[in-house]
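> Provided below for reference: sequence and predicted model.
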Amino acid sequence: MSEAATAISQTSYSLVSVPQELTEYILKFCHPRDYASLSETCRALYKIIYNEDQYIWREAFLKYPFDDIRHSLSHTIIEGSTKVKGSSLDERDTTTLDWKGELQRRVNAEGILRRSSTEGLNRLKVLDALLVLNDVVSSAAPGPLVLEGSSYNVAEPSHNLAWVQDTLLHSKVFEECDDVSMMDMMSSNAQDEVMICQLRSRLRSYLTLTHEKGDSAESQKRLASARSVGRCFVYDLRNYTDATRWGPYTATPWADNSGADITVNWTHVENIQNVVFMNVKDLPSQWRKPAIPSFDIQAVRPHSAPGYNSAERNPRDWAGVEGVWRRVVCFMDYRDLHSFNFTASDRMRLRPAYFETDFAEATRIVEARFFLDDNPASPELLPEEDDDPDPRYPPLPFVGTARGVHLSQSSRVRGVIRKKKDYVRWSFVTTHDRSQWAAEGVQVGGIGSAMGVAGVWTVAVHEGDEDPAGPFWMWKAEESLPDKMLVLQDY
């Protein structure tokens with residue numbers, strides 16, 4: 001061994017005896033949970049780790065990895081526990097972002113949800129952890145974008161969404177069954193459990209059963225169960241009233257009974273997706289393969305729908321409504337719907353056993369083309385005003401046409417899209433000859449997400465509690481289907 005090598009081997013080094021830049025570089029390879037222990041070893045490391053510029057925490061956040069919150073979509077950006085609005089990255093003060101606090105929230109949530117057992121787990125901690133995951137989905141970055149021809153396309157998947165999916169699929173909480181039905185929500189005193197059910201359903205809606213491959217008897221059983229439970233929910237006509245706007249919503253009355261808060265019932269949305277997803281799997285391949293995209297959690301990413309990032313998109317079209325849409329509509333034979341709702345006992349109406357025979361409802365593919373409506377003539381379609389409207393997202397009226405079974409009989413569509421507090425609401429009416437059908441839907445994921453809109457169709461004018469209703473799911477398509485695929489879908 002040379003004298004130099006001997007000298008080096010006899011010299012002890014520590015993290016604080018090397019240049020600070022090297023110390024900071026080394027700390028990037030530590031897990032964030034190690035920082036607290038390291039900071040207790042000496043003042044020098046404490047000062048480096050808890051420096052006001054949060055360099056260590058920012059680097060750890062990005063290396064975990066998560067999407068850079070400086071590049072997240074405009075409407076939310078985390079600063080401690082406060083969400084700061086800004087119309088563009090240039091208009092936000094990104095120097096005060098709480099990288100440490102946000103990373104700690106996410107790491108703590110991951111630890112709670114990935115526990116090997118839920119026994120004895122504090123339910124408030126579970127609730128907080130699920131809130132964190134939903135925040136992480138909301139802050140998923142819409143880019144980076146790459147110009148391909150005249151369109152910009154997402155170049156790489158969102159780290160946020162990949163982390164959320166991995167955390168969910170390794171969580172016992174995600175596997176729990178929802179024991180709180182919609183009919184019990186208003187009377188239940190266990191509001192924390194109601195919130196947990198809603199948050200879990202919202203996260204499940206982002207996965208859309210893609211985690212169930214059906215490659216084992218157990219998986220096939222779970223898929224069949226999801227379909228039966230979903231049918232019980234979406235075809236139970238008690239779920240559709242004036243109070244819920246005949247859509248997948250929950251109405252919470254105000255204290256003085258002068259009105260109600262309308263929020264998304266994510267358990268309803270999840271069941272809509274499950275029913276449509278499973279019905280689509282039963283379609284003949286000539287319709288299923290070309291018509292139905294392969295969804296995964298990356299499809300909830302904002303601005304991920306086809307054409308949203310095109311230079312040709314109307315700048316007023318914040319929802320990405322203009323273009324071709326594909327809609328899958330499911331419905332029961334009215335005799336079956338009536339039997340399920342009015343001849344079976346109340347207990348049977350809540351039981352999946354009603355659908356566990358050879359039951360099958362109809363499934364139809366409808367193609368629509370929408371345009372912004374510069375002269376909206378149906379103000380009654382506009383939902384109620386928000387208490388705190390966002391000027392960046394004004395109500396967006398649209399018109400269009402829809403076609404399905406017979407190409408010669410296109411229907412007219414008129415609707416409006418509204419950005420609500422934490423979701424995007426779609427309301428529209430389809431007119432065919434003298435028939436009118438109304439629809440209420442919710443954007444699944446961020447604004448302009450490829451996952452599209454899940455919702456409920458029903459009659460436009462309600463005359464009683466026996467009006468039909470059923471689920472639909474629609475999403476933006478890259479191009480129109482061949483005419484032969486829309487003619488006489490006899491399946």
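Done, it's in.
> what's around G101, how many residues?
15 (other C-beta atoms under 10 Å). For glycine as for every other residue, the C-beta is placed from the backbone atoms N, C-alpha and C.
> Give me the distance between it and A319.
32 Å (C-beta to C-beta, to the nearest Å).
> So, low pLDDT: which residues of the stretch 301-450 of the chain?
344-350, 376-388, 405-409 (pLDDT under 70).
> Help me confirm that W437 is found in a strand?
Yes - assessed with DSSP: H, G, I helix; E, B strand; the rest coil, W437 lies in a strand.
> Make sure it is actually in contact with V459.
Yes - counting by C-beta atoms under 8 Å, W437 does reach V459; the two are 6.4 Å apart.
> Name the residue in these two with the higher neighbour count.
Taking neighbours as other C-beta under 10 Å, W437 and V459 compare with W437 leading, 18 against 14.
> Report the beta-bridge partners for that one.
Here W437 sits in beta bridges with T430, V459, as judged by DSSP bridges.
> Next, count neighbours for L38.
L38 is flanked by 16 other residues according to other C-beta under 10 Å.
> Could you measure from the closest residue to it other than its chain neighbours over to G446?
Sequence neighbours aside, L45 is the residue nearest to L38 in space, at 5.3 Å (criterion: C-beta to C-beta, 6 or more residues apart in numbering). Here L45 is placed at a distance of 39 Å from G446 (C-beta to C-beta).
> try D374
From D374 across to G446, the span is 26 Å (C-beta to C-beta).
> Over to N108?
Noted for N108: a distance of 24 Å to G446, by C-beta to C-beta.
> Tell me which of L45 and G446 has more neighbours.
Taking other C-beta under 10 Å, L45 and G446 do not tie; G446 has more neighbours (25 against 19).
> show me what contacts the more buried one?
Each residue near G446 by C-beta atoms under 8 Å, 6 or more residues apart in numbering is listed here: 73, 137-138, 140, 142, 300-304.
> Confirm it sits in a helix?
No - assessed with three-state DSSP, G446 is coil; it does not lie in a helix.
> The longest strand along the chain pairs with which strands?
Longest strand of the chain, by residue count under DSSP state E: strand 362-372. Strand pairing for strand 362-372, determined by DSSP bridges: strand 323-331 (antiparallel), strand 396-403 (antiparallel).
> Just list what whichever helix or strand comes after the shortest one packs against, helices and strands only.
The first helix or strand that comes after strand 396-403 along the chain, using DSSP states H and E, is strand 411-419. If you count contacts as 3 or more C-beta pairs under 8 Å, 6 or more residues apart in numbering; DSSP states H and E, strand 411-419 packs onto strand 396-403, strand 424-432.
> can you give me the angle the shortest one makes with strand 424-432?
Using axes from the mean of the first three to the mean of the last three C-alpha atoms, to 10 degrees, one finds that strand 396-403 and strand 424-432 are set 40 degrees apart in direction.
> Can you list the buried residues in strand 396-403?
396-400, 402-403 (16 or more other C-beta atoms under 10 Å).
> which one of the residues you listed sits closest to R227?
When those are compared for distance to R227 (C-beta to C-beta), A402 wins out at 26.0 Å.
> partner residues bridging the closest one?
Going by DSSP bridges, A402 forms beta bridges with A368, S411.
> State the distance from it to T118.
Per C-beta to C-beta, A402 is found 45 Å from T118.
> State the number of residues packed around K419.
Neighbour number of K419 under other C-beta under 10 Å is 21.
> Who are the contact partners of it?
Counting by C-beta under 8 Å, 6+ apart, K419 touches 318, 390, 393, 425, 447.
> from what I can see the last one touches R425, true?
In this case it means I447. No - taking contacts as C-beta under 8 Å, I447 lies outside contact range of R425: 11.9 Å.
> For the stretch 201-350 of the chain, which segments are assigned as helices?
Using DSSP state H, counting those that start in this stretch, the helices found in the stretch 201-350 of the chain span residues 217-234, 266-281, 285-291, 334-338, 346-349.
> So which of those is nearest A129?
A129 lies closest to helix 266-281 among the helices of the stretch 201-350 of the chain, at 16.5 Å (C-beta to C-beta).
> and the closest one, what does it pack onto?
By 3+ C-beta pairs under 8 Å, 6+ apart, helix 266-281 packs against helix 191-207, helix 217-234, strand 323-331, strand 362-372, strand 453-459, strand 469-476.
> and if we set it to 6 Å?
Under the contact definition 3 or more C-beta pairs under 6 Å, 6 or more residues apart in numbering; DSSP states H and E, helix 266-281 sits against helix 191-207, helix 217-234, strand 323-331, strand 453-459, strand 469-476.
> By neighbour count, which bits of the longest one are buried? Give me those.
To tie it back to what came earlier, the one meant is helix 217-234. Neighbour counts using 16+ other C-beta under 10 Å place 222-223, 226-234 of helix 217-234 among the buried residues.
> Next, find the distance separating C330 from L396.
To L396, C330 is 26 Å away according to C-beta to C-beta.
> and what of E119?
Taken as C-beta to C-beta, the span from E119 to L396 is 48 Å.
> go on, H268?
Applying C-beta to C-beta to H268 and L396 gives a distance of 23 Å.
> Please apply the same query to W163.
32 Å.
> what do you get for R412?
For R412, the distance to L396 equals 18 Å [C-beta to C-beta].
> Likewise for K476?
14 Å.
> same question, L337
Going from L337 to L396 by C-beta to C-beta gives 33 Å.
> got it, and W437?
As judged by C-beta to C-beta, W437 and L396 stand 21 Å apart.
> can you check K172 too?
On the measure of C-beta to C-beta, K172 and L396 end up 41 Å apart.
> about what we covered before: mind checking which of the helices and strands packed on strand 411-419 is nearest L22?
Nearest of the helices and strands packed on strand 411-419 to L22, taken as C-beta to C-beta: strand 424-432 at 47.5 Å.
> Which elements pack onto the closest one?
strand 411-419, strand 435-443.
> Adding distance to S201, write the ones you listed out as TSV.
Putting the helices and strands packed on strand 424-432 into TSV (distance: least, C-beta to C-beta, whole Å) gives the following:
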stretch	distance to S201
strand 411-419	21
strand 435-443	12
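> Which one, of the ones you listed, ends up nearest to L131?
Smallest distance to L131 across these (C-beta to C-beta): 18.8 Å, for strand 435-443.
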